[in-house]
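Novice: Predicted coordinates and the sequence they were generated for:
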Amino acid sequence: MANHSSSYPILCASFNQDTSYFAIGTRDGFKVFDSETGTLRYERAIGGFIIVEMLFSSSLLAIVGAGEQPSLSPRRLCLFNTTTGAALRELNFLTSVLAIRLNRKRLVVVLQEKTYIYDLNSLSILDTIDTVPNSKGLCAFSPSLDGCFLALPASTTRGSVLVYNVMELHSHCEIDAHRSPLAAIVFSPNGMYIATASEQGTIIRVHLISEATKSYSFRRGAYPSTIFSLSFGPSTQFPDVLVATSSSGSVHAFSLGLGMNQRSRRSSSFFGSIIPDSVNDVLDPAHHVLHNVVPAGVKSYAVIRKVDRVPDTSISESVAYRATVSIITYSGSFQEYTLIINQKNESSWRLERRFDLLTAISDNIISS
């Protein structure tokens, strides 16, 4: 997730495909951290970077400079080896690189009006997608090889999503998700679901990819807000939890499993049967808010690293969800919370740790 605003010390932040590591780019260089321990594992101080993406837990990084010096042009993608501290390959483009996504088979490069699909091993171009103007480089990518999809905006006036099969190299479907342009999109880890938010930021919708249909929606709030990030839990089956960060400074978590169960009970009732689907669709109450996590307006990025099922003490012989939510703020902090949601849809948040990303010192395990 890149940020081109000069008001933040962090220019970009991203977690790897299994959230075991995360990387940040600053005006001085880039850093790689272990998500579980918070340890700084690698750092390189060679200038500003607006994109730093990892390939799982390997030594391969895809990096793009901020353009503050000729050698770090935003039109140049560098595949960098953290073990040797050297560039493996470079790809140059006519316009700025706005986003990079990759898995073990594919490399995706997003420009303003084109998106390139490469074979990661040979770096041969497999396909070129002409897109609507996409100045923010908005995209989503499912790294699973079984459901490997890429999502891109399909309109500049509506919240339409183009879903493209990256392994089979063809358009899969187009989803008309919102009436306003898109602000955030994300796939579930297995590529079965996609969550979307528009520039209004009041409704978050979840769609089933195989049928290009809307599964259900969640209301974030009544007033417009910019959605900075969306993230599903790591489940490889039906996703348990979805989390969002916004310009309000709050973190919003939605328990999808509980929401679906409550919807099924409601739709079978007399009250549920007389409410139109368009209204009933946004009444899911499975919404849990942590207020004032960051100052309002400060960009933030959250992921759900783990979701466990634990005994629910409020109901006999039942279980609750326990989610580990990690948050990076572009002002320079890392925060991690435990969120517990029981079967009554009651929740609690607990801060587990917080530290400054900008002052972290490397443990020299793989630092250069």
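Specialist: Looks like it came in fine.
Novice: wait, isn't residue 247 in contact with residue 225?
Specialist: Yes - under the criterion of CB atoms under 8 Å, residue 247 makes contact with residue 225 at 5.2 Å. Every C-beta, even on glycine, is put in place using the N, C-alpha and C of the backbone.
Novice: intersection of neighbour lists for these two?
Specialist: Common neighbours of residue 247 and residue 225 (criterion: CB atoms under 8 Å, 6 or more residues apart in numbering): residue 201.
Novice: Direction included, what does the helix or strand hosting residue 32 pair up with?
Specialist: Using DSSP states H and E, residue 32 sits in strand 30-34. The pairing partners recorded for strand 30-34 under DSSP bridges are strand 21-26 (antiparallel), strand 40-44 (antiparallel).
Novice: and residue 196, which of these is closest to it?
Specialist: Residue 196 lies closest to strand 21-26 among these, at 23.4 Å (CB to CB).
Novice: Residues contacting the closest one, please?
Specialist: Contacts for strand 21-26 (CB under 8 Å, 6+ apart): 2, 9-16, 30-35, 41, 48-54, 57, 61, 63, 66, 326, 328, 357-358.
Novice: returning to that earlier point: quick one: mean pLDDT for the strand holding residue 32?
Specialist: Averaged across strand 30-34, the pLDDT comes to 97.
Novice: Might one say that residue 104 is in contact with residue 57?
Specialist: No - using CB under 8 Å, residue 104 makes no contact with residue 57, being 11.8 Å away.
Novice: ok, and the helix or strand in the chain with the lowest average confidence?
Specialist: Among the helices and strands of the chain, helix 270-273 carries the lowest confidence by mean pLDDT, DSSP states H and E, at a mean of 38.
Novice: Next, the contact list for residue 154, please.
Specialist: 132, 160-162, 174.
Novice: could you show me where the strands are in the stretch 101-250 of the chain, in order?
Specialist: 106-110, 114-119, 125-130, 140-141, 149-153, 159-165, 170-178, 182-187, 193-198, 203-208, 213-219, 227-232, 241-246 (DSSP state E, counting those that start in this stretch).
Novice: Tell me which residues are up against the last one.
Specialist: To tie it back to what came earlier, the one meant is strand 241-246. Taking CB under 8 Å, 6+ apart as the rule, strand 241-246 contacts 184, 195, 197, 201, 204, 206, 218, 220, 225-233, 251-256, 293, 300-304, 307, 321, 323, 325, 327, 339, 341.
Novice: if you set the cut-off to 7 Å instead, what comes out?
Specialist: 195, 197, 201, 204, 206, 220, 225-233, 251-256, 300-302, 304, 307, 321, 323, 325, 327 (CB atoms under 7 Å, 6 or more residues apart in numbering).
Novice: can you check the first one too?
Specialist: In this structure, residues lying in contact with strand 106-110 by CB under 7 Å, 6+ apart are 77, 97-102, 115-118, 120, 134, 137, 139, 141, 148, 150, 166.
Novice: Sketch out the low-pLDDT regions of the stretch 1-150 of the chain for me.
Specialist: 3-6 (pLDDT under 70).
Novice: I'd like the distance between residue 324 and residue 245.
Specialist: When distance is defined by CB to CB, to the nearest Å, residue 324 is 15 Å away from residue 245.
Novice: which of these two has more neighbours?
Specialist: Taking other CB atoms under 10 Å, residue 324 and residue 245 do not tie; residue 245 has more neighbours (30 against 20).
Novice: partner residues bridging the more buried one?
Specialist: residue 229, residue 251.
Novice: distance of it from residue 226?
Specialist: 10 Å.
Novice: which residues sit in contact with residue 254?
Specialist: 218, 241-242, 286-287.
Novice: circling back to that earlier point, neighbour count winner among residue 247 and residue 225?
Specialist: residue 225 (23 against 17).
Novice: ok, the more buried one - contacts?
Specialist: With CB under 7 Å, 6+ apart, residue 225 has these contacts: 201, 246-248.
Novice: how does it look with 8 Å?
Specialist: Counting by CB under 8 Å, 6+ apart, residue 225 touches 201-202, 246-248.
Novice: again, but for residue 232
Specialist: So residue 232 contacts 186-189, 193, 195, 239, 241-242, 304 (CB under 8 Å, 6+ apart).
Novice: Pick out the most distant pair among the residues you listed.
Specialist: 187 and 241 (14.8 Å).
Novice: Going along the chain, name the helices of the chain.
Specialist: Using DSSP state H, the helices of the chain run over residues 256-267, 270-273, 277-280.
Novice: I'd like the average pLDDT over the longest one.
Specialist: Averaged across helix 256-267, pLDDT comes to 52.
Novice: how close does residue 106 sit to residue 245?
Specialist: Taking CB to CB, one finds residue 106 at 27 Å from residue 245.
Novice: ok, now residue 85?
Specialist: Distance from residue 85 to residue 245, by CB to CB: 33 Å.
Novice: Likewise for residue 16?
Specialist: For residue 16, the distance to residue 245 - CB to CB - is 19 Å.
Novice: do residue 251 as well
Specialist: 6 Å.
Novice: Need the residues touching each of the two.
Specialist: Common neighbours of residue 251 and residue 245 (CB under 8 Å, 6+ apart) are 293, 300, 302, 327.
Novice: my read: the second one touches residue 227, true?
Specialist: No - using CB under 8 Å, residue 300 and residue 227 do not qualify as a contacting pair, with a distance of 10.6 Å.
Novice: which parts of stretch 223-232 are buried?
Specialist: 225-232 (16 or more other CB atoms under 10 Å).
Novice: re earlier: put the buried members of the contacts of strand 21-26 into a ChimeraX selection.
Specialist: In ChimeraX, this line selects whichever of the contacts of strand 21-26 come out buried by 16+ other CB under 10 Å:
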select :2,10,11,12,13,14,15,16,30,31,32,33,34,35,41,48,49,50,51,52,53,54,61,63,66,326,328,357
